[in-house]
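Visitor: coords below, sequence missing:
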């Protein structure tokens, strides 16, 4: 018996998810470079590579350091790094160790820092990718500006791998179809802008989990085909799934591999006659991510009609419809977090459970690796 | 130079906050037992005791274990623990080590598990406190039921310390005054119900940061006086402060001791002509807590008119009003998280900065101690 809360991974479901996405990438004729910020786990990353992933995507130099230390040597830091101080030296040290790095850029200023940080290294191991904004309006330049940045990188002696975007505006109901189209349009424009500078653009990288989802589940994925501009997909959440993707329709509930196991510690009947359970997993186990359209602070696997109506640090309040059968004190429930990436980042270990019930402990080796 | 993001504590401000709350508790004639779930730091807890705190409040057995290992031997686990399996043995082990524990209960079922778990220990070190619901509607029984639970505890051979509540519904605009009154009413009713069973009730414990705030700042605190039923306060956030308390008016911005230091990595002009900055602290550094009434995902210390309009895992999008002077690429900004308890739980260390700029590393020893 393991004390709650703990975060469990159903290995068979994980394997199905990894295999299905790898097959979709193969069928689409594109490379798969999963984003490791979702799981932060060398165990899961190794399984992704075993399914044919060409390398990993990470968000920070610290994540790159952790995965490099575990033997992963082809990493895309898909972030417009600002390379000064210790971070610049840490990046250079990764190159010296023989890790191949692709680095995101979205400004001349950031590019200048990257050029300086890599000046004394073997530059054959580093490439740059220009980040473009496809509608999420976070980092990234307007697509037509990608050519100028690629030219500037070349002038500074850095090899250009290509262009990338994160269509994060796909994370909304009915947003998936439009976001997948935006992604294609922005990346085509950016690629053509690089071509217009007389440069090659071998990498055209995109793909959130919604925009790469099984089209029959999501209805929103680009299904590849002759007009597909992407050469590489970078989904992250697909490996484990979460309540956000469930409620978006991008993953089926039976494909969710991660849940937080919690114990019922308190019960009461509310004014509406419905039962309210308190369980011992709160925002410090589930994370407090909640999109405006989410039905609550996560979902109960065994009780799809229940709603998590409130969340404190160590309490989740679960509302059951009047008449519903709710578990007694001491019973355990499995909660799917709204956002798996932030939930995984709260624990030191994942408890990986095989079909026969045997458990393995998978360290979240890159937890908190933010710098 | 330290890589961003990192979480800094201004030691002088922290000390002011600790001293001011200790003085308010003294003036009110009540004990102060700060909630350590806010900081999870033995360094800060030691400073709280140096200011006269009688002990600590924690939320979990795991937090109790961490603070006990650092020599804190008077702990209130203010949570309706469900004590079975390893957790029951871990609790008993704390008692065997000589730690004095007060444990929350809110059901006969939980009480029975507590009695069983402590059966073979020296029960002189353990007391129970009945949790009552004062309007937050989380855990806790109706106040009039406190007497029956106290009687049941006594019948099972457990000493009753008293009653407690968490007036969490104070965390809303204009909610503070009403919540402080609710807290007084519920605790008086609960205490009298214990008295009616012929039992003593030496501890009447309450106090969120808003309901214990300096009345001149908050306008919502109970100011003590002859009708004050509380004997003990358990505020947590007051030590460090956060944007939630700032926007509630419960703390002044100059009293906020904790901020996350981040670097500007991307800039763009939005459709409205305002500048949008992207900094390298996202939900994995700030946490994604956001009350419905919050102005954004945290606040910028040096730019009070800026708003954090979007948050990803490693990006915060900060909107500056048109014409405002915003920092350039590479500049650093300090962001106050919305909720300090969940933000601290994301990092292994706090960087404590003295007035002369010297830095110390304070481990967040109880980070992730959820079980």
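Guide: Done, it's in. The structure displayed is predicted, hence computed values, not measured ones. Numbering: from 1, shown residues only, chains lettered A, B, ... in the order given.
Visitor: which residues touch residue A:89?
Guide: Contact criterion C-beta atoms under 8 Å, 6 or more residues apart in numbering or on different chains gives residue A:117 as the residues in contact with residue A:89. For the C-beta atoms, the positions are set from N, CA and C on the backbone; glycine is no exception.
Visitor: checking my notes, it in a helix, right?
Guide: Yes. Residue A:89 forms part of a helix when assessed by DSSP: H, G, I helix; E, B strand; the rest coil.
Visitor: which parts of the longest strand seen in chain A are buried?
Guide: If you go by DSSP state E, chain A has its longest strand at strand A:258-269. For strand A:258-269, burial by neighbour count (16 or more other C-beta atoms under 10 Å in any protein chain shown) applies to A:258-268.
Visitor: likewise for stretch A:72-87?
Guide: Within stretch A:72-87, the residues scored as buried using 16+ other C-beta under 10 Å are A:72-83, A:87.
Visitor: you'd agree residue A:63 is up against residue A:368?
Guide: No. Using C-beta atoms under 8 Å, residue A:63 makes no contact with residue A:368, being 10.1 Å away.
Visitor: between the two, which one's more packed in?
Guide: For residue A:63 and residue A:368, the more surrounded residue by other C-beta atoms under 10 Å in any protein chain shown is residue A:63, and the numbers stand at 25 against 20.
Visitor: which residues sit in contact with that one?
Guide: Neighbour list for residue A:63: A:36-37, A:40, A:77, A:366, A:369 [criterion: C-beta under 8 Å, 6+ apart].
Visitor: redo that, cut-off 6 Å
Guide: Under the criterion of C-beta atoms under 6 Å, 6 or more residues apart in numbering or on different chains, the contact list for residue A:63 reads A:366, A:369.
Visitor: ditto for residue A:18
Guide: Shown here is residue A:18, whose contacts under the criterion C-beta under 6 Å, 6+ apart are A:47-48, A:51.
Visitor: okay, it: pLDDT?
Guide: Taken from the predicted model, the pLDDT recorded for residue A:18 is 98.
Visitor: near chain B, which residues of chain A show up?
Guide: For chain A, the contact set with chain B under C-beta under 6 Å from any C-beta of the partner chain comprises A:1, A:3, A:5, A:59, A:80, A:82, A:85-87, A:106, A:109, A:138-139, A:263, A:265-266, A:278, A:283-285, A:288-289, A:313-315, A:329-330, A:341-342, A:345, A:370-371.
Visitor: list buried residues within these.
Guide: Buried positions within those, assessed by neighbour count (16+ other C-beta under 10 Å), are A:3, A:5, A:59, A:80, A:82, A:87, A:106, A:109, A:138-139, A:263, A:265-266, A:278, A:283-285, A:288-289, A:313-315, A:329, A:341-342, A:345, A:370-371.
Visitor: tell me the contacts of residue A:164?
Guide: Residues near residue A:164 by C-beta under 6 Å, 6+ apart: A:129, A:131, A:205.
Visitor: same thing but 8 Å
Guide: Shown in contact with residue A:164 (C-beta under 8 Å, 6+ apart): A:78, A:104, A:129-132, A:187, A:203-206, A:232, A:234.
Visitor: cross those against strands and list the overlap.
Guide: Of the positions in the contacts of residue A:164, A:78, A:104, A:129-131, A:203-206, A:232 sit in strands, assigned by DSSP E.
Visitor: ok, and the most crowded of the residues you listed?
Guide: Neighbour-wise, the ones in strands among the contacts of residue A:164 (other C-beta under 10 Å) top out at residue A:130, 31 neighbours.
Visitor: what sits against it?
Guide: Applying C-beta under 8 Å, 6+ apart, one finds that residue A:130 lies in contact with A:104-106, A:141, A:146, A:149-150, A:153, A:160, A:162-164, A:190, A:194.
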